[in-house]
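Chemist: this one's structure only:
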């Protein structure tokens, strides 16, 4: 039994060391940026359908060895009574460089959805691929889930970034919560 345990610990240590080395050799994808812009919320829940325009702020900071901090905030005033609706997310991510300008990323986040005085918060997990096609254009696809401790919702999304300059660009994307709630974003991004 101790030999199996020792072998498991050794394999885990080797795996972590290899993943750290891969993350350190990551290509030209930048994980330190701030962006802000327009956010369109499209809700289609059977008989209820609503489209609202708001704003969003997103950011990421590369910490070290493939680890990065990320966060986001979307805000809308929904319905005839202008009910404040917010979606927050803050957490840690880890990137694995697969080749050249292609990364596999994993993210774990505290996430909250607030509609008026109602608050639904919990855990969000995402996994995806990010690829730099050339010096000016990159894309990202991801999937995940968000839970409040009971129910879980599947999330799918994609976005693209066009760089006007190496540190300034336009990001456009979509994120869907089980195709019932869709969020479309267009942001200006400043990378640092």
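Modeler: Perfect, I can see it now. Computed from a prediction, not measured in an experiment: that's the story for all the values here.
Chemist: what about the strands in the chain?
Modeler: For the chain, strands defined by DSSP state E occupy the ranges 33-45, 48-64, 67-78, 83-99, 102-115, 118-132, 137-147, 152-165, 168-177, 181-191.
Chemist: so where's the protein shaky on pLDDT?
Modeler: 1-27, 80, 149 (pLDDT under 70).
Chemist: please redo it, this time with the cut-off set to 80
Modeler: For the chain, the stretches flagged by pLDDT under 80 are 1-28, 45-48, 79-81, 149-150.
Chemist: Specify the beta-bridge partners of residue 168.
Modeler: residue 165, residue 190 (DSSP bridges).
Chemist: Could you check how far it is from residue 122?
Modeler: Distance of residue 168 to residue 122, given as CB to CB, to the nearest Å: 35 Å. In short, each C-beta sits where N, CA and C put it, glycine included.
Chemist: neighbour-wise, which of the two wins?
Modeler: The neighbour comparison of residue 168 against residue 122 (other CB atoms under 10 Å) goes to residue 122, with 18 against 12.
Chemist: The nearest residue to the more buried one once chain neighbours are set aside: how many residues sit nearby?
Modeler: Once flanking residues are discounted, residue 122 sits nearest to residue 148: 3.9 Å by CB to CB, 6 or more residues apart in numbering. Using other CB under 10 Å, the number of residues around residue 148 comes to 15.
Chemist: Can you give me the distance of the nearest residue to residue 69 once chain neighbours are set aside to residue 84?
Modeler: Sequence neighbours aside, residue 61 is the residue nearest to residue 69 in space, at 4.8 Å (criterion: CB to CB, 6+ apart). According to CB to CB, residue 61 and residue 84 sit 27 Å apart.
Chemist: Just confirm residue 106 contacts residue 93, I think it does.
Modeler: Yes: at 6.6 Å, residue 106 counts as touching residue 93 under the criterion of CB atoms under 8 Å.
Chemist: Between those two, which has more neighbouring residues?
Modeler: Applying other CB under 10 Å to residue 106 and residue 93 shows that residue 93 carries more neighbours, namely 20 against 16.
Chemist: what is the more buried one paired to in the beta sheet?
Modeler: Beta-bridge partners of residue 93, as defined by DSSP bridges: residue 68, residue 107.
Chemist: OK, contacts around residue 36?
Modeler: By CB atoms under 8 Å, 6 or more residues apart in numbering, the residues touching residue 36 are 55-58, 187-188.
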